[in-house]
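K.L.:
how would this look folded up:
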Amino acid sequence: MNQILDIQRGTETIIQDRTIYEDANIFAPNLHEMGLMSKRDFDNYYGFFSTIKTMVQPPDLLIYLKASVPTLVSQIQKRGREYEENIRLDYLKKLNEYYNKWIEGYKEGPLLIIDCDKNKFGENEEDLGEIISKVDGMLYGLF
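P.N.:
Okay, the predicted model is just below:
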(Lines give C-alpha, C1' and ligand atoms only; values in the text may rest on other atoms or scores of the structure.)
Protein backbone atom coordinates (compact mmCIF):
# COMPACT_ATOMS: atom_id res chain seq x y z
CA MET A 1 0.00 0.00 0.00
CA ASN A 2 2.80 2.41 0.91
CA GLN A 3 4.60 1.61 -2.33
CA ILE A 4 1.46 2.30 -4.36
CA LEU A 5 0.85 5.60 -2.57
CA ASP A 6 4.49 6.62 -3.13
CA ILE A 7 4.09 5.86 -6.84
CA GLN A 8 0.90 7.92 -7.03
CA ARG A 9 2.54 10.90 -5.29
CA GLY A 10 5.60 10.76 -7.52
CA THR A 11 6.13 12.18 -10.97
CA GLU A 12 8.31 9.41 -12.41
CA THR A 13 7.16 6.71 -14.79
CA ILE A 14 7.10 3.44 -12.87
CA ILE A 15 6.89 -0.13 -14.09
CA GLN A 16 5.66 -2.37 -11.32
CA ASP A 17 6.07 -6.15 -11.52
CA ARG A 18 2.98 -7.04 -9.48
CA THR A 19 -0.28 -5.36 -8.64
CA ILE A 20 -2.43 -5.43 -5.53
CA TYR A 21 -5.08 -7.15 -7.65
CA GLU A 22 -3.02 -10.29 -8.11
CA ASP A 23 -2.69 -11.17 -4.46
CA ALA A 24 -6.41 -10.74 -3.83
CA ASN A 25 -7.65 -12.36 -7.04
CA ILE A 26 -5.10 -15.10 -7.62
CA PHE A 27 -2.90 -16.04 -4.69
CA ALA A 28 -5.38 -15.64 -1.81
CA PRO A 29 -8.19 -17.56 -3.57
CA ASN A 30 -5.72 -20.29 -4.46
CA LEU A 31 -4.56 -20.57 -0.83
CA HIS A 32 -8.18 -20.68 0.28
CA GLU A 33 -9.01 -23.41 -2.25
CA MET A 34 -5.97 -25.42 -1.11
CA GLY A 35 -7.23 -25.24 2.48
CA LEU A 36 -4.33 -23.05 3.59
CA MET A 37 -6.57 -20.04 4.33
CA SER A 38 -9.88 -20.31 6.16
CA LYS A 39 -13.08 -18.86 4.68
CA ARG A 40 -13.20 -16.29 7.48
CA ASP A 41 -9.61 -15.19 6.82
CA PHE A 42 -10.20 -15.08 3.07
CA ASP A 43 -13.38 -13.02 3.47
CA ASN A 44 -11.60 -10.61 5.83
CA TYR A 45 -8.63 -10.37 3.50
CA TYR A 46 -10.79 -9.71 0.45
CA GLY A 47 -12.83 -7.12 2.36
CA PHE A 48 -9.59 -5.35 3.33
CA PHE A 49 -8.44 -5.47 -0.30
CA SER A 50 -11.75 -3.99 -1.46
CA THR A 51 -11.23 -1.06 0.91
CA ILE A 52 -7.64 -0.51 -0.22
CA LYS A 53 -8.69 -0.66 -3.86
CA THR A 54 -10.90 2.41 -3.36
CA MET A 55 -7.90 4.37 -2.07
CA VAL A 56 -5.55 3.84 -5.01
CA GLN A 57 -5.61 4.48 -8.72
CA PRO A 58 -5.38 1.48 -11.03
CA PRO A 59 -2.34 1.24 -13.30
CA ASP A 60 -2.28 3.51 -16.34
CA LEU A 61 -1.76 0.30 -18.32
CA LEU A 62 -1.78 -3.30 -17.15
CA ILE A 63 0.40 -5.57 -19.27
CA TYR A 64 -0.48 -9.23 -18.90
CA LEU A 65 2.10 -11.74 -20.08
CA LYS A 66 -0.14 -14.67 -20.96
CA ALA A 67 1.52 -18.05 -21.33
CA SER A 68 0.66 -21.71 -21.39
CA VAL A 69 1.93 -23.92 -18.58
CA PRO A 70 4.68 -25.46 -20.80
CA THR A 71 5.94 -21.96 -21.60
CA LEU A 72 5.85 -21.03 -17.92
CA VAL A 73 7.84 -24.15 -17.03
CA SER A 74 10.37 -23.36 -19.75
CA GLN A 75 10.80 -19.80 -18.47
CA ILE A 76 11.21 -21.01 -14.89
CA GLN A 77 13.89 -23.46 -16.02
CA LYS A 78 15.72 -20.75 -17.99
CA ARG A 79 15.80 -18.45 -14.95
CA GLY A 80 17.33 -21.18 -12.81
CA ARG A 81 16.17 -19.68 -9.51
CA GLU A 82 16.65 -22.18 -6.72
CA TYR A 83 13.44 -21.20 -4.92
CA GLU A 84 11.41 -21.87 -8.10
CA GLU A 85 12.82 -25.35 -8.73
CA ASN A 86 10.23 -27.17 -6.64
CA ILE A 87 7.08 -25.46 -7.88
CA ARG A 88 4.54 -28.20 -8.40
CA LEU A 89 3.00 -28.45 -11.84
CA ASP A 90 -0.55 -28.65 -10.46
CA TYR A 91 0.08 -25.47 -8.42
CA LEU A 92 1.43 -23.64 -11.47
CA LYS A 93 -1.54 -24.80 -13.55
CA LYS A 94 -4.01 -23.59 -10.92
CA LEU A 95 -2.32 -20.18 -10.65
CA ASN A 96 -2.40 -19.88 -14.43
CA GLU A 97 -6.13 -20.65 -14.42
CA TYR A 98 -6.71 -17.98 -11.76
CA TYR A 99 -4.66 -15.46 -13.73
CA ASN A 100 -6.57 -16.12 -16.95
CA LYS A 101 -9.94 -15.94 -15.20
CA TRP A 102 -8.97 -12.68 -13.49
CA ILE A 103 -7.67 -11.06 -16.66
CA GLU A 104 -10.85 -11.97 -18.57
CA GLY A 105 -12.83 -9.84 -16.11
CA TYR A 106 -10.29 -7.05 -15.61
CA LYS A 107 -12.12 -3.73 -15.89
CA GLU A 108 -9.91 -1.42 -13.80
CA GLY A 109 -8.27 0.28 -16.78
CA PRO A 110 -6.41 -0.23 -20.06
CA LEU A 111 -5.11 -3.74 -20.62
CA LEU A 112 -2.51 -5.11 -23.04
CA ILE A 113 -2.24 -8.88 -23.33
CA ILE A 114 1.01 -10.27 -24.70
CA ASP A 115 0.85 -13.89 -25.86
CA CYS A 116 4.20 -15.23 -24.64
CA ASP A 117 3.70 -18.52 -26.44
CA LYS A 118 4.04 -16.57 -29.71
CA ASN A 119 5.82 -13.34 -28.82
CA LYS A 120 9.40 -14.09 -27.77
CA PHE A 121 10.34 -10.51 -26.86
CA GLY A 122 13.24 -11.67 -24.67
CA GLU A 123 14.90 -13.32 -27.65
CA ASN A 124 13.61 -11.33 -30.62
CA GLU A 125 14.09 -7.58 -31.05
CA GLU A 126 11.26 -7.39 -33.60
CA ASP A 127 8.81 -8.87 -31.06
CA LEU A 128 10.07 -6.43 -28.42
CA GLY A 129 9.60 -3.54 -30.83
CA GLU A 130 6.03 -4.65 -31.47
CA ILE A 131 5.30 -4.55 -27.74
CA ILE A 132 6.92 -1.13 -27.32
CA SER A 133 4.78 0.22 -30.17
CA LYS A 134 1.62 -1.19 -28.59
CA VAL A 135 2.50 0.26 -25.17
CA ASP A 136 3.25 3.67 -26.70
CA GLY A 137 -0.03 3.54 -28.61
CA MET A 138 -2.07 2.67 -25.54
CA LEU A 139 -0.41 5.21 -23.26
CA TYR A 140 0.19 8.09 -25.65
CA GLY A 141 -2.06 7.41 -28.63
CA LEU A 142 0.94 6.99 -30.94
CA PHE A 143 1.27 4.55 -33.82
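K.L.:
tell me the mean pLDDT for stretch 34-48?
P.N.:
For stretch 34-48, mean pLDDT is 96.
K.L.:
Contacts for it, please.
P.N.:
Contact partners of stretch 34-48, identified using C-beta atoms under 8 Å, 6 or more residues apart in numbering, comprise 24, 28-29, 31-32. Quick note: C-beta positions are derived from backbone N, CA and C, even for glycine.
K.L.:
so how far is it from its chain's centroid?
P.N.:
20 Å (C-alpha atoms, centre = their mean, to the nearest Å).
K.L.:
thinking again about what came up before, so which of the contacts of stretch 34-48 are in helices?
P.N.:
28-29, 31-32 (DSSP state H).
K.L.:
farthest-separated two in the residues you listed?
P.N.:
Maximum pairwise distance in the ones in helices among the contacts of stretch 34-48, criterion C-beta to C-beta, is 7.4 Å, between P29 and L31.
K.L.:
who's more crowded, the two?
P.N.:
The neighbour comparison of P29 against L31 (other C-beta atoms under 10 Å) goes to P29, with 19 against 16.
K.L.:
you'd agree the more buried one is up against Y98?
P.N.:
Yes: P29 lies in contact with Y98 (C-beta atoms under 8 Å); the separation is 6.2 Å.
K.L.:
hang on, the earlier thing: save the ones in helices among the contacts of stretch 34-48 as TSV, and put in distance to Q75 too.
P.N.:
Formatted as TSV, these follow (distance: C-beta to C-beta, whole Å):
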residue	distance to Q75
A28	24
P29	23
L31	23
H32	27
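K.L.:
out of those, which one sits closest to K134?
P.N.:
P29 (29.5 Å).
K.L.:
how far away is that closest one from D43?
P.N.:
To D43, P29 is 11 Å away according to C-beta to C-beta, to the nearest Å.
K.L.:
for the helix or strand of the chain with the lowest mean pLDDT, the distance to its chain's centre please.
P.N.:
Ranking every helix and strand in the chain by mean pLDDT, DSSP states H and E puts helix 2-9 at the bottom, with a mean of 86. Put simply, helix 2-9 sits 18 Å off its chain's centre (C-alpha atoms, centre = their mean).
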